[in-house]
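Student: build the 3D model from these lines:
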Amino acid sequence: MSEILSQGPFYHGTMVALEIGDQLKAGFPSNYQEDLVMNHIYFTELLSGAAHAAAYVSEDGRGHVYRVEPTGEFEDDPNVTDKKYPGNPTRSFRSQAPLTILEEIKGYDIPTKEEIQKRVEGLAQLKMTGKAEIIN
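Tutor: Residues are numbered from 1 along each chain as shown. The predicted model follows:
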C-alpha cells in the first residue's frame with residue numbers, strides 16, 4: 001500500500017496498562033468476539049473513538065488510551081469503512097504490523113454510562129441482524 005491515509009496522531013483504547021515503547025500486536029482475541037483471534041491491530045485518529053473503545057472493554061468504564069505509532073503499512077478499517085458508513089468518518093484504521101506506545105493520554109472525556117450502554121445496545125442490534133461480523 002503506497003497511499004498515505006493519514007499522518008495522525010493516532011490513538012488506541014484498551015483495558016491493558018502499557019508502558020511507553022511497548023508494542024501492541026495482532027494475534028490476540030477480539031474485545032468484541034472472544035472466540036476470534038485478530039489478524040490486525042486497530043487504531044483511530046479520534047481521541048473520542050479510542051476513549052469509547054477503552055471504556056467499552058474495561059471493567060471500570062475507563063481503561064487506557066494511548067497515542068500510538070504504526071510500525072508498518074495500514075489500511076482503512078473495513079469493519080466501518082463503506083460497510084457501515086460511507087468513507088471513513090470514524091477515522092479508524094488497522095494494521096498487521098505492531099503499534100508502538102508513545103504516551104498514555106490522561107484527562108480525556110470519559111464516555112458516560114449511558115453512552116457506553118448505547119454502544120452495547122447498538123452492537124447487540126448489529127449481531128441480531130447479522131451485521132456485526134468482524135472482517136478479520
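
Student: show me which residues of stretch 8-17 are buried.
Tutor: Across stretch 8-17, burial judged by 16 or more other CB atoms under 10 Å covers 8, 10-15. Using the backbone N, CA and C atoms, a C-beta is placed for each residue, glycine as well.

Student: what does stretch 59-73 give?
Tutor: Taking 16+ other CB under 10 Å as the criterion, stretch 59-73 shows 63-68, 70 as buried.

Student: mean confidence score for that stretch?
Tutor: Across stretch 59-73, pLDDT averages out at 87.

Student: among the buried residues of stretch 59-73, which ones are in strands?
Tutor: In this view, the buried residues of stretch 59-73 that belong to strands under DSSP state E are 64-68, 70.

Student: from these, pick the one nearest Q23.
Tutor: If you rank those by distance to Q23 using CB to CB, V68 comes first, at 9.1 Å.

Student: so what's the closest one up against?
Tutor: 10-12, 24, 43, 99-102 (CB atoms under 8 Å, 6 or more residues apart in numbering).
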